[in-house]
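*Asks:* below: sequence and its predicted model.
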Amino acid sequence: MKVLVIGGAGYIGSHVSLALLEKNHSVTIFDNLSSGCRENIFPETNFIRGDILDYPALLSAVKEGFDGIIHLAAFKAAGESMLKPEKYSINNITGTINILNASVEGGIRRIVFSSSAAVYGEPEYIPIDEKHPKNPENYYGFTKLKIEEFLSWYERLKGLKFASLRYFNAAGYDVDGRIKGLEKNPANLIPVIMEVAAGIRAKLQIFGDDYPTKDGTCIRDYIHVSDLAAAHQMALEYIDKKNRSLTLNLGSERGISVLEILDTARRVTGKSIPSEITTRRDGDPAKLIASAKNAKDILNWETGQSDPATLIESSWEIYKKSFETHH
């Protein structure tokens, strides 16, 4: 298939592009490089530098003719979304409406959307399946939920088939080291720990140690980014073959606490990784664990690399090189 990957130079997008290339799909990346890296763009792909808020540029890209779009262009820092809802409204919501309208105008009928477990909010039960009530606790999650609703309407009104993939916590790097560009200003736990280990940051802040969990820190479901990327390629092929829309959770189905991740990182990196406990953040549930049964049943998808050691080792390989350049 000929696929347009919007946000394909970013952390997840570059891994998705790689997964598509490995299955011999033709890939064009559309990215404004605000958080993506040029070094993550593979020579086998076409690259269009453009912004989803620039509708004419988006439309001219789409009109080059594609079998499907994978949309990963969003701001994703949950904390920031509570302080700057306008920034998230414009980019995530307006930008996506532009993508949907360009898809319809350009005759594209298949779209894979990177959604988020943030649509669920505080879990009412664990593991969280796709039927779980949706009650986002942060504005970022709200934008993802609204976009899922737009997709359903565009399917009804315009025949657009979609896969909404609700990620839990993406982490790790390509184990063969083919993706080298680091995330800019990461807000997620593992990259922040890596920056501390690499001497880029002074210490890790742990937001609260008084949660009702085994060690008092938040528990999350971490999924290796290459496992996540494979699901995008499989979801696109599924909607192409079956002409049916999908909404799926993508997670490893196991919960790992902040302290467990930190201990693993200290062991793998051999670094002390200073940390301090600070106050809880608004909108942080104590525990998030996915049920990914539907993704396994429908796509035959499996998580092969989502154990803590692989998550940390594959990340550290990339950050270590940056550590060597910092010292």
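*Replies:* All right, it came through fine.

*Asks:* which helices and strands sit right next to the one helix or strand Phe162 maps to?
*Replies:* Using DSSP states H and E, Phe162 sits in strand 161-167. Other helices and strands packing on strand 161-167, by 3 or more CB pairs under 8 Å, 6 or more residues apart in numbering; DSSP states H and E, are strand 110-116, helix 139-158, helix 225-242, strand 246-250. (C-beta placed from N, C-alpha, C; glycine too.)

*Asks:* tabulate the CA atom coordinates of stretch 106-116 in CSV.
*Replies:* C-alpha atoms of stretch 106-116 as CSV (Å, rounded to 0.1, in the frame of the first residue of the first chain):
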residue,chain,number,x,y,z
GLY,A,106,-8.5,13.6,-1.7
GLY,A,107,-10.5,10.4,-1.9
ILE,A,108,-8.7,8.5,0.9
ARG,A,109,-10.9,6.1,2.7
ARG,A,110,-8.7,4.5,5.4
ILE,A,111,-7.2,6.2,8.4
VAL,A,112,-5.3,4.9,11.4
PHE,A,113,-5.5,7.3,14.4
SER,A,114,-3.2,7.3,17.3
SER,A,115,-5.5,7.6,20.2
SER,A,116,-4.8,7.1,23.9
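
*Asks:* contact partners for Pro133?
*Replies:* If a contact means CB atoms under 8 Å, 6 or more residues apart in numbering, then Pro133 has Tyr120, Gly121, Glu124 as its contacts.

*Asks:* derive a ChimeraX selection command for the buried subset of those residues.
*Replies:* Here is the ChimeraX selection string for the buried members of the contacts of Pro133, based on 16 or more other CB atoms under 10 Å:
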select :120,121
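
*Asks:* Ala78 touches Tyr140, doesn't it?
*Replies:* Yes - at 4.7 Å, Ala78 counts as touching Tyr140 under the criterion of CB atoms under 8 Å.

*Asks:* which one of those two has more residues nearby?
*Replies:* Neighbour totals were compared for Ala78 and Tyr140, and Tyr140 leads with 25 against 22 (other CB atoms under 10 Å).

*Asks:* and the pLDDT at the residue nearest to that one when sequence neighbours are not counted?
*Replies:* Of all residues not flanking Tyr140 in the chain, Ser81 sits nearest, at 3.7 Å (CB to CB, 6 or more residues apart in numbering). You'll see Ser81 listed with a pLDDT of 94.

*Asks:* next: Ala77.
*Replies:* 87.

*Asks:* how about it, nearest residue that isn't a chain neighbour?
*Replies:* What sits nearest to Ala77 in space, not counting adjacent residues and going by CB to CB, 6+ apart, is Ala187, at 4.3 Å.

*Asks:* so how many other residues sit close to the one you found?
*Replies:* For Ala187, the neighbour count with other CB under 10 Å is 12.

*Asks:* what's the answer for the one 3 residues further on, then?
*Replies:* Close neighbours of Ile190, defined as other CB under 10 Å, add up to 25.

*Asks:* list the contacts of it.
*Replies:* Contact analysis of Ile190 by CB under 8 Å, 6+ apart lists Ala171, Gly172, Tyr222, Ile261, Ala265, Leu311, Ile312, Ser315.

*Asks:* if we use 7 Å, what do you get?
*Replies:* Contact analysis of Ile190 by CB atoms under 7 Å, 6 or more residues apart in numbering lists Ala171, Ile261, Leu311, Ile312, Ser315.

*Asks:* you'd agree Leu246 is up against Met234?
*Replies:* No - contact criterion CB atoms under 7 Å: Leu246 and Met234 do not qualify, at 10.0 Å.

*Asks:* let me know the pLDDT of the closest residue to Lys203 other than its chain neighbours.
*Replies:* Computed as CB to CB, 6+ apart, the closest residue to Lys203 that is not its neighbour in sequence is Pro274, at 4.1 Å. On pLDDT, Pro274 comes in at 97.

*Asks:* could you do Ser152 as well?
*Replies:* According to the prediction, Ser152 has pLDDT 98.

*Asks:* what is the burial count for it?
*Replies:* Look at Ser152: counted by other CB under 10 Å, it has 15 neighbours.

*Asks:* same question, the one 10 residues further on
*Replies:* A count of neighbours around Phe162, defined by other CB under 10 Å, yields 28.

*Asks:* can you report how many residues lie near the nearest residue to Phe150 once chain neighbours are set aside?
*Replies:* Leaving aside its chain neighbours, Phe150 sits nearest to Leu100 (6.2 Å; criterion: CB to CB, 6+ apart). When neighbours are counted by other CB under 10 Å, Leu100 registers 23.

*Asks:* mind listing what's buried in the helix or strand where Leu100 lies?
*Replies:* According to DSSP H and E, Leu100 maps onto helix 95-105. Residues of helix 95-105 classed as buried by neighbour count (16+ other CB under 10 Å): Gly95, Thr96, Ile97, Asn98, Ile99, Leu100, Asn101, Ala102, Ser103, Val104.

*Asks:* now the angle from the worst-scoring helix or strand of the chain on mean pLDDT to helix 225-242?
*Replies:* In the chain, the helix or strand scored least confidently by mean pLDDT, DSSP states H and E is helix 308-326, which has a mean of 88. Helix 308-326 and helix 225-242 meet at an angle of 120 degrees, taking axes from the mean of the first three to the mean of the last three CA atoms, to 10 degrees as the criterion.
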